[in-house]
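Peer 1: kindly generate the corresponding structure for this input.
(one chain, ligands or ions: 1)
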Amino acid sequence: MPSKKIALIFVCCMAAWLAACGDESVDRHPGQPVKNRQAVFNKMLQTKDGMGTVMREHEIYDGKIFLEQARELQRLSREPWPYFTPDSNYAPTRAKPLVWEKPAEFGEAQHDLGDATALLVKAAEADDLKAIRSAFKEVEIACRSCHNKFRNAIPLR
Ligand code: HEC
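Peer 2: This next block holds a predicted model:
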């Protein structure tokens, strides 16, 4: 019966629509700043972890590959900040309100990461494993110290 079919299609459409609404992972804000910055941070983590396995000697050091990874991290580490727009403190962000309350300090923490990744690229260009190790530590410190200050353990709801 056609009317039954139409009713069925209607029910299915409603279900799909409701499922999309209830999905918190869908960022409905213009420009999707929270989703976009979290995506960049996750790429940063992946790239850093790639180098981390070499640093922990779980993978053999290859100067050419390492330099590419260091340059990729440097490129990525400039990307999240424009997504911290004034109106982007909404769920499911883990950014603390301090990001917006202390923009100068947040900027300094970004600079610290910029300096550390620049050191890492320089050391990788020189193929100097000792310098690489120390710069990599600086990078990890820069990630951690900003997180300690500006990132919550659990997302906003
Ligand atoms: C200047 C501060 C700062 C620095 C430096 C920083 N982060 Fe973050 N990071 C944040 C903030 C703030 C958030 C929370 C973003 C949000 O949820 O809106 C975050 C979130 C993340 C997340 C979670 C993303 C998600 O899906 O929720 C990862 C992973 C991450 N950062 C990795 C890194 C790595 C790796 C580094 C260093 C290479 C780094 N971050 C350096 C501030 C920083």
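
Peer 1: what about W100, distance to Y90?
Peer 2: 12 Å (Cβ to Cβ, to the nearest Å). Backbone N, C-alpha and C define where each C-beta goes, glycine included.

Peer 1: for R71, that is, sorry about that
Peer 2: If you go by Cβ to Cβ, the gap between R71 and Y90 works out to 33 Å.

Peer 1: so those two - more neighbours on which side?
Peer 2: R71 (16 against 13; other Cβ atoms under 10 Å).

Peer 1: which residue is nearest the centroid of the protein?
Peer 2: The centroid of the chain falls nearest to F41 when counting by Cα atoms, centre = their mean (0.7 Å).

Peer 1: dump the residue contacts of it.
Peer 2: P80 (Cβ atoms under 8 Å, 6 or more residues apart in numbering).

Peer 1: got a pLDDT number for it?
Peer 2: Predicted confidence (pLDDT) for F41: 98.

Peer 1: state the distance from it to M55.
Peer 2: Distance from F41 to M55, by Cβ to Cβ: 20 Å.

Peer 1: which parts of this structure sit against the ligand?
Peer 2: 34, 37-38, 41-42, 44-45, 48, 77, 93-95, 99, 106, 109-110, 113, 139, 142-143, 146-147, 150-151 (Cβ under 6 Å from any ligand atom).

Peer 1: so what touches stretch 123-140?
Peer 2: Outside stretch 123-140, the residues touching it (Cβ under 8 Å, 6+ apart) are 48, 51-52, 55, 61, 63, 66-67, 70-71, 73, 113, 115-117, 119-120, 122.
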